[in-house]
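Participant: let's see this in three dimensions:
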Amino acid sequence: MKGIKQFLKHGGRLITVVSLLIITYCYAMFQGGFVSWFVFFTILPFLVYSILLAIIPIRFKEISRTLSKERVERGGNVQVTVTFRNTSWFPFVFMMVRELPMREEHFEKPNGNVTKLFLVGWKREFKWTYELKELKRGEHHFRGLLFTCTDFFGWTIRNVVMNHPQLFLVYPKV
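Facilitator: Okay, the predicted model is just below:
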């Protein structure tokens, strides 16, 4: 049952895009005329891009996080700068990057800063900064990044999880 749900969640979008391609082609073939072929050739690049996005492998490398301070004390804030590199040859239209959640008992929950939307194109190197506020003492573990890539209309959505664990310590105030 889980396998069917998983297939329908990811493969269902691909089936919908391919069905839309077949339907518009059939409409153009049987209807004929300028308008039906115009509709087909207008939607064709978007459908081909969606199909390619669904089947092309997506890879990200050289992920790194740097903290604004080397020594962080309890109650302090720290700015985290995340840099990564896209090694896929395929151009993305939109890409959303999100930090995988840490345990929120050690810091005040950031309000939406741990997600960044990039308008990519052929760009390969990315960097973004967010802030963790009111840190509590102890070990803080970053788990990794979740990359969500989509096409122009949201017909195909790809999620890639890159595990990149990192640890930093917050010391007690002296």
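Participant: hey, let's count contacts and neighbours off CA atoms from now on
Facilitator: OK.
Participant: how about the helices of this protein, start to end?
Facilitator: With helices called from DSSP state H, the chain shows them at 2-31, 33-55.
Participant: ranking the ones you listed by burial, who's on top?
Facilitator: helix 33-55 (a mean of 16; mean count of other CA atoms under 10 Å).
Participant: what does it contact?
Facilitator: 14, 17-18, 21, 24-25, 27-29, 90, 150-152, 155-158 (CA atoms under 8 Å, 6 or more residues apart in numbering).
Participant: tell me who's in contact with residue 90.
Facilitator: Shown in contact with residue 90 (CA under 8 Å, 6+ apart): 53, 56.
Participant: no wait, residue 139
Facilitator: Residue 139 sits next to 167-170 when contact means CA under 8 Å, 6+ apart.
Participant: could you dump those residues to TSV with pLDDT?
Facilitator: TSV is the format used below for these (pLDDT from 0 to 100):
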residue	pLDDT
167	87
168	87
169	87
170	87
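Participant: let's see if you can find the most crowded of the residues you listed.
Facilitator: Highest neighbour count within the contacts of residue 139: residue 170, with 19 neighbours (other CA atoms under 10 Å).
Participant: wait, doesn't it sit right on residue 133?
Facilitator: No - Residue 170 is beyond contact range of residue 133, at 11.9 Å (criterion: CA atoms under 8 Å).
Participant: show me the common contact partners of those two, please.
Facilitator: What both residue 170 and residue 133 touch, as defined by CA under 8 Å, 6+ apart, is an empty set.
Participant: quick revisit: same list (the contacts of residue 139) but as TSV, adding distance to residue 47.
Facilitator: As requested, the contacts of residue 139 are arranged in TSV below (distance: CA to CA, whole Å):
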residue	distance to residue 47
167	42
168	44
169	48
170	49
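Participant: those residues in strands, which ones?
Facilitator: When those are checked against strands (DSSP state E), the matches are 167-170.
Participant: pLDDT value on residue 113, please?
Facilitator: As predicted, residue 113 sits at a pLDDT of 60.
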